[in-house]
Each structure stands twice: as C-alpha cells, then as structure tokens.
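Engineer: Test case, fold it:
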Amino acid sequence: MKILLFGKNGQVGWELQRSLAPLGDLVALDSRSQKLCGDFTDLEGLAKTVRTVKPDVIVNAAAHTAVDKAESEPDLVRTINALAPGVLAQEAKRANAWLIHYSTDYVFDGNGKKPWLETDATAPLNVYGATKLEGEQLILQSGCQHLIFRTCWVYGARGGNFAKTMLRLARERDSLSVINDQIGAPTGADLLADVTAHAIRTAQQRTEVSGLYHLVAGGEISWHGYASFVIDFALRAGITLKVAPDAIKPVPTSAFPTPAKRPHNSRMNTTKLQRTFDLKLPEWQSGVARMLSEVLEKS
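Structural biologist: The predicted structure follows:
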C-alpha cells in the first residue's frame, strides 16, 4: 500500500508519520516540501502531486487552524480548509484511492449539552468552522471513498498546547483565570493517529465503512477543569509552581473576548466510530497524564 500524507509536521501529522509507517510505503509532505507539492494554496500543484505519487490512501492532516486569525483572512482559510481538500477528493476519486480527512466540532453551533451526533444539523459560528464544513461537503460531493474524522481540543507533546501554556503561567503567576463554560474532551494527536491507522486497515477490507465519524477521547471537562488537572498533576510530580490549586479561578467565555466566536458545547458522541471499527476510546485523563509525564520529564 502507498500512502500520501499531507501536513507531516503538524501535531497530528507528526504522529501519523509514526502510525502509518508500518502500513506500507509512506510519502510525507508539508508546505515546504521541494520535489513534490504539499502547499495547500497551490491547488494545481496538489493535484499534480497525487497523480505523480499514485497513492492508495491520501491522508490530509494539513489545515489552517488559527481560529481568530481566520476571521481576517477568509479567502486564504477557504483555500486551505475547503478547496484544497476538495481537490484531493477529486483526485482520490480519479485514482480510486481513499481520502482520510480531519474536521472539527466547530461545524456545530455549540449550543446545548448533548454530545453531537454525525447526523446533527451543522451551523458553524466562525470562518474556521464554516471552511471546515465546506471541506467536508466537497469531499462528500466528490464521491470518493473517504473517512472524515471530526475531533476537538487536540494536543500533542510536540509543539505548543494548552497544558504547556498553563504550566508556564502557573510558574509565573499567583492566580489564573480559566474559562469554565466551554466543555469538550482533550484529545491526543497520538490517539488520532493510532485510530487512523487502524481505520485504514479496516477500510482496505470493508469499503462500506466509508463515511463521517466523531473521534475524541472519552469523558468531558471544561477548560478550567482541564487546567486544574494539569496543575494538580504537576504538583504531585514535585514541580514547583507559584499558583496554588485554589487560585485557579473559573470565568465565563465573555471574560476573554476573541475575534472568532467559540462553541460552548464541544461534546461529541463517538458510538458510531467505536462500533464500526471495534474500538474503545480511552478517557481523556489517561492521554493527558501521559503527555504531561513526557513534558515534565523534559522541563
């Protein structure tokens, strides 16, 4: 099997390089790749790359994910998050290849408290969510065989993430204010990559699994609860912090105005994915604890 991976150096792409390597011949690209085009602003170049490589599976881990910045550059974001995946879908259809693509809970309006189902009505709140939804739609319209994984609150030990930011601030400040009315599940890039590899193996034997799936870690938490977990873990590990556990103050989303509106409800129902691929998704705490152990060991 030949696999073509885009976005190799992002948090998810980095883990995918590991998880996909045992499946076959892996060609991994990013926007700076020279011999083959991995630049998602070059739509013709992307199409040419797919035709040159002739992959059995295309995995798209590239995206414009700067949610606030997206509000001021909607055309660029649409090219990267919608039109480029659409091109990959058309080329996948032409080549009879599978397309694996990652989307987001931001396609929903974030209302209510019920975990979102794949069949729930979409209503994105911002440019990022709207372009990711259009990307999904273009893939569906192409008729290619695909796996679209919607996820949320993605983190990795490599690069920046929320937990690292909280640890840095906890070393600098006596108190922290963290949002407590947005609820989701911190989901590791390593979990996304491992599930992807498993799903690709399944898809090679069962073409009927083509479709849209929600993929997040188990459980739910607010950003405030997430921060409290991180600080408590670090203190238990003997890390010296200025902030005390009772000095992490819960505040509403309105306390931190941003250019892009955020959803309050990022809960996602993963029953379809777990049943289809015979998987059990671990609780978010296990992945975050593992990531923190790695981060704190290096600090």
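Engineer: Hmm, residue 260 is touching residue 130, no?
Structural biologist: No - taking C-beta atoms under 8 Å as the definition, residue 260 is not a contact partner of residue 130, at 10.6 Å. Quick note: C-beta positions are derived from backbone N, CA and C, even for glycine.
Engineer: So between the two, which is more surrounded?
Structural biologist: Residue environment comparison for residue 260 versus residue 130 gives the larger neighbour count to residue 130, 21 against 17, counting by other C-beta atoms under 10 Å.
Engineer: any idea how far residue 57 is from the more buried one?
Structural biologist: Look at residue 130 and residue 57: by C-beta to C-beta, to the nearest Å, they are 27 Å apart.
Engineer: ok, now residue 221?
Structural biologist: In this structure, residue 221 lies at 33 Å from residue 57, with C-beta to C-beta as the measure.
Engineer: same check, this time on residue 251
Structural biologist: Taking C-beta to C-beta as the criterion, residue 251 is separated from residue 57 by 44 Å.
Engineer: what's the answer for residue 71, then?
Structural biologist: Taken as C-beta to C-beta, the spacing of residue 71 relative to residue 57 amounts to 33 Å.
Engineer: neighbour-wise, which of the two wins?
Structural biologist: In terms of neighbours (other C-beta under 10 Å), residue 57 is the more surrounded of residue 71 and residue 57; the figures are 24 against 16.
Engineer: What does that one show for phi and psi?
Structural biologist: phi -140, psi 130 (degrees, to the nearest 10).
Engineer: so what's it up against?
Structural biologist: With contacts defined as C-beta atoms under 8 Å, 6 or more residues apart in numbering, residue 57 is in contact with 1, 2, 3, 4, 97, 98, 99, 100, 200.
Engineer: Narrow these to those that are buried.
Structural biologist: In terms of neighbour count (16 or more other C-beta atoms under 10 Å), the buried residues within the contacts of residue 57 are 3, 4, 97, 98, 99, 100, 200.
Engineer: wait, doesn't residue 219 sit right on residue 187?
Structural biologist: No - shown here, residue 219 and residue 187 do not form a contact pair, counting by C-beta under 8 Å, at 10.5 Å.
Engineer: Between these two, which contacts overlap?
Structural biologist: With C-beta under 8 Å, 6+ apart, residue 219 and residue 187 have common neighbours residue 284.
Engineer: Please enumerate the helices of the stretch 101-250 of the chain.
Structural biologist: For the stretch 101-250 of the chain, the helices defined by DSSP state H, counting those that start in this stretch cover 127-142, 162-172, 189-205, 223-236.
Engineer: could you give the mean pLDDT of the first one?
Structural biologist: Per-residue confidence for helix 127-142 averages out to 98 on the pLDDT scale.
Engineer: how about the CA coordinates for that helix, as PDB?
Structural biologist: Taking only C-alpha atoms (Å, rounded to 0.1, in the frame of the first residue of the first chain), the coordinates of helix 127-142 have been written out as PDB:
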ATOM      1  CA  VAL A 127     -14.800  31.300   9.500                       C
ATOM      2  CA  TYR A 128     -12.700  28.400  10.600                       C
ATOM      3  CA  GLY A 129     -15.800  26.200  11.200                       C
ATOM      4  CA  ALA A 130     -17.500  27.300   8.000                       C
ATOM      5  CA  THR A 131     -14.500  26.400   5.900                       C
ATOM      6  CA  LYS A 132     -14.000  23.100   7.600                       C
ATOM      7  CA  LEU A 133     -17.700  22.300   6.900                       C
ATOM      8  CA  GLU A 134     -17.300  23.200   3.300                       C
ATOM      9  CA  GLY A 135     -14.300  20.900   3.100                       C
ATOM     10  CA  GLU A 136     -16.400  18.100   4.400                       C
ATOM     11  CA  GLN A 137     -19.100  18.800   1.800                       C
ATOM     12  CA  LEU A 138     -16.700  18.900  -1.100                       C
ATOM     13  CA  ILE A 139     -15.300  15.500  -0.100                       C
ATOM     14  CA  LEU A 140     -18.800  14.100   0.100                       C
ATOM     15  CA  GLN A 141     -19.800  15.600  -3.300                       C
ATOM     16  CA  SER A 142     -16.700  14.100  -5.000                       C
END
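Engineer: who's in contact with that helix?
Structural biologist: By C-beta under 8 Å, 6+ apart, the list of residues contacting helix 127-142 from outside reads 63-65, 67, 70-71, 74, 77-78, 80-86, 89-90, 92-93, 99, 101, 103-104, 106-108, 122, 124, 146, 148, 212, 260, 263.
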